[in-house]
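**Q** 3D model of this:
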Amino acid sequence: MVVEAYAERTAMNIFDGDKRIFNIDALVPFKDGKVNEEEVLANDKTKIIIASFDAHTRSGEHHAVGDEIITALEGEAMVVVETKKHQLKKGESMRLHKGEGHYVVAEKRFKALILISLE
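**A** Below is the predicted model of the structure:
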């Protein structure tokens, strides 16, 4: 059974100050039964989010606020765009166009990097 879990999103601009090297896997830990998201960079043109999905969770359906690239960092998930299902595996990326409705379903733990162009 997959449970819709609304993302807990916080903002942490990891590029503030002198910090240049970081471990992306350590930034956004898995949370039991939840989707956990962190905005690691956000400005008026770009947003970079790391999202971790616990097993048997899914995001709510939403529309891309800009062109997006979703890259699977760990595990695999099904990304449903409009009504078409796409399996996304570790190391693979997919593009979403601004305005496309979509949601993510994770049967097992899944972590992704999401790059959004807001222009």
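
**Q** ok, then the element right after the helix or strand bottoming out on mean pLDDT in the chain?
**A** Lowest mean confidence among the helices and strands of the chain (mean pLDDT, DSSP states H and E): strand 8-11, at a mean of 55. Secondary structure here is assigned by DSSP states H and E; on that basis, the next helix or strand after strand 8-11 toward the C-terminus is helix 24-27.

**Q** ok now that following helix, how far from the chain's centre?
**A** Between the mean C-alpha location of helix 24-27 and the chain-wide mean there is a distance of 13 Å, by C-alpha atoms, centre = their mean, to the nearest Å.

**Q** do stretch 29-44 as well
**A** How far stretch 29-44 lies from its chain's middle: 7 Å, per C-alpha atoms, centre = their mean.

**Q** got the end-to-end distance for that stretch?
**A** As for stretch 29-44, its first-to-last residue distance stands at 26 Å under the measure C-alpha to C-alpha, to the nearest Å.

**Q** do the same with stretch 34-48
**A** 20 Å.

**Q** quick one: buried residues of it?
**A** Along stretch 34-48, the positions that meet the burial threshold by neighbour count (16 or more other C-beta atoms under 10 Å) are 34, 35, 36, 37, 38, 39, 40, 47, 48. To be clear about C-beta, it is placed using only N, CA and C from the backbone, and glycine gets the same treatment.
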